[in-house]
Each structure stands twice: as C-alpha cells, then as structure tokens.
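*Asks:* output the structure for:
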Amino acid sequence: MVRNSIGVYLLFAVFLIWTVSAVQSVAAEPDPSEHIIEIVGFKYIPDTLSVKAGDTVVWINKDIVPHTATADDLSFDTGELKKDESTGIVVTKDMTLSYYCIYHPSMRASLSLE
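*Replies:* The predicted structure is shown next:
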C-alpha cells in the first residue's frame, strides 16, 4: 500500500513539473508585434528595423508620389502605395530582409531578424 502511494505521489510530481515547464515555455514566447515603417521624403523610416518571425510590418506612404517596398529577390512586394495608403506583411524566418522601392531604386532599407 505504501509503495502504491509513493508511486502516485511520484507520478503527480512528474506531471506537476511537466505542466509548470510547459506553461513557462508558452509564456516565454512573446506575442507577435506590429511595426510601422513610414515612407517620408523618399526614405523608409526607420531604414533598419529589428523584427521577429511572426511579426507584422506595415508600410505607410506619406509622400505625394507612389512607392513600393519590394524584397531584393522579389519574394515580397507591397505593390504600389499611393499617398496615405498602407499594407503589411508577416515576417518569416527565411524571408529576404533587404528591400527597395521599384520606382526609386536608391530608396533602400532592411529588416533585421532577431
């Protein structure tokens, strides 16, 4: 009878430790964030942005001329953004992080994956 009680307590202790560690690992993963990049004066502001996989990056065009945010390898493209238009993408671990404006190739910026 004592052995069975010890076994039950041991099993309960293992379950409790497993449950606590599972809750801690879930709690340790932050929720995805949304980041805003404004296009102002033919520049992306900020021109370098630290992001995590799962985060959303939104570009907002504040210039009077259209712009894009297009990956160097064309893996993502916001399409044409006219004044005050915006669009976003969800960051993935394997995406290209540097981008430019198709209409103004000297406009360059990048995302930095944490």
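
*Asks:* show me the helices in this protein, by range?
*Replies:* Counting by DSSP state H, the segments of the chain that form helices are 2-28.

*Asks:* tell me the domain ranges of it?
*Replies:* The record, using automatic domain parsing to delimit domains, assigns the chain the ranges 1-30, 34-113.

*Asks:* hey, least reliable of those domains by pLDDT?
*Replies:* Per-stretch mean pLDDT for the domains of the chain is lowest at domain 1-30 (a mean of 54).

*Asks:* thinking again about what came up before, most neighbours per residue, which of the domains of the chain?
*Replies:* domain 34-113 (a mean of 16; mean count of other CB atoms under 10 Å). For the C-beta atoms, the positions are set from N, CA and C on the backbone; glycine is no exception.

*Asks:* gap between the two ends of that one?
*Replies:* With CA to CA, to the nearest Å as the measure, domain 34-113 spans 14 Å from end to end.

*Asks:* go on, stretch 92-104?
*Replies:* Termini of stretch 92-104 sit 26 Å apart (CA to CA).

*Asks:* run the chain-centre distance for that stretch.
*Replies:* Distance of stretch 92-104 from the chain centroid (CA atoms, centre = their mean, to the nearest Å) equals 14 Å.

*Asks:* contacts for that stretch?
*Replies:* Stretch 92-104 has contacts (CB atoms under 8 Å, 6 or more residues apart in numbering) with 39, 42, 53, 65-73, 75-77, 107-113.

*Asks:* any idea how far Leu49 is from Ile39?
*Replies:* According to CB to CB, to the nearest Å, Ile39 and Leu49 sit 13 Å apart.
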